[in-house]
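Colleague: got a predicted model here, sequence first, then my questions.
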Amino acid sequence: MLYVACDNCGSDETAPVLAGRDLLHGLPGEFTLVRCKVCGLIYQNPQLTREEADAYYPTDYEAHIGTRKERLSWLRRIDYRYGVEKRHRAILRHASVGRMLDVGCATGAFLDGAREHGWIVQGIEPNVNAANYAREQLGLSVQIASLETAELTPDSFDVVTMWNVLEHVPSPSQALARVGEALRPGGLLVFAVPSTQSVDLRVFRGYWAGYDVPRHLFVFPPAPLENMVRSSGFQLVCRRCIYGTYHAFVFSARFAMSDRMRNDTIRLIIARTMLSLPCRALMIPPSRVIDALNLGSIMTWFCRKVE
């Protein structure tokens, strides 16, 4: 494991936030989140090396397999499609259809939806199996690489998206700078990250899905992240909760139940109930209110590259 300084301000003065374990897959280890005393950025310290971290992205990792069409029920297919459409409509408020790059595109579901709307799309995905699915099953142009090693032509994209990716990379500041190189002047960067202003964090505390150690190396309060954005050559346009509120709530509830409820059968029944159509329908009004107040667990940032 590696001890690191704050990626925003460079300070190594920290205060402890959380000592946790892998609640998603139950893999071994205890991991520590700290808060920078100077700027407030929350980050994992020490951090796993790239080779060590690979073990915490097993073959059944949800982001790499969860959007494969053959795995989706009709309800999940409609639900995910609706989420893709919401993200696409939000982008069109700030950009016209053109060339799009999706960093960490996984199995390519978002890119596939954007392509149907006329975008010329490319993706970057380090997971070989997820990238091959996007390439072979959906016919998408996807590089199997990390953002650090990917081949990018400067000033070549109108929009770059990163959906729940920035919290996974070893240096968000470097990732933002790398994305800035690929965007044309005036181009739009859209990224989503867990929000420390969410209601779920206040309710679930250490079981909040936004922590998800050890995969989430960073948790971003607004101030240090906005500084990173500006330092990387972007102007913040707006930030909004536009998707993922209910699913993040379900994950947080599952994490809490895994510790506090020993009966596996009851846990399974509750989890399936939360994902059922009637329960989803009941949660639509409160989820929309939470999103309107920007109190959801996932915040989407819209940033424009300074010309």
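Modeller: Alright, I've got the coordinates. Numbering: from 1, shown residues only.
Colleague: ranges for the strands of the chain?
Modeller: In the chain, the strands defined using DSSP state E lie at 14-20, 31-36, 42-44, 99-103, 120-124, 142-143, 157-163, 183-194, 218-219, 234-240, 298-305.
Colleague: what pairs with the longest one, parallel or antiparallel?
Modeller: This points to strand 183-194. Here strand 183-194 is paired, per DSSP bridges, with strand 157-163 (parallel), strand 298-305 (antiparallel).
Colleague: deepest-packed of these, please.
Modeller: Greatest average neighbour count among the strands paired with strand 183-194 goes to strand 157-163 (a mean of 24), per mean count of other CB atoms under 10 Å. To be clear about C-beta, it is placed using only N, CA and C from the backbone, and glycine gets the same treatment.
Colleague: just the CA trace of that strand, in CSV.
Modeller: Provided in CSV are the C-alpha atoms of strand 157-163 (Å, rounded to 0.1, in the frame of the first residue of the first chain):
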residue,chain,number,x,y,z
PHE,A,157,-13.9,15.9,-28.6
ASP,A,158,-16.9,18.1,-28.1
VAL,A,159,-18.0,16.3,-24.9
VAL,A,160,-16.2,14.0,-22.5
THR,A,161,-18.2,12.1,-19.9
MET,A,162,-17.0,10.2,-16.8
TRP,A,163,-19.9,8.5,-14.9
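Colleague: orientation of that strand relative to strand 120-124 in degrees?
Modeller: Strand 157-163 and strand 120-124 are oriented at 40 degrees to each other (axes from the mean of the first three to the mean of the last three CA atoms, to 10 degrees).
Colleague: pLDDT score assigned to residue 71?
Modeller: If you check residue 71, the pLDDT there is 59.
Colleague: hang on, I meant residue 68
Modeller: Residue 68 carries a pLDDT value of 63.
Colleague: just residue 57 next, same as before
Modeller: For residue 57, pLDDT reads 94.
Colleague: thought residue 126 was touching it, still the case?
Modeller: No: using CB atoms under 8 Å, residue 57 makes no contact with residue 126, being 9.1 Å away.
Colleague: looking at the two, which is more packed in?
Modeller: The residue with more neighbours, out of residue 57 and residue 126, is residue 126; 20 against 16, by other CB atoms under 10 Å.
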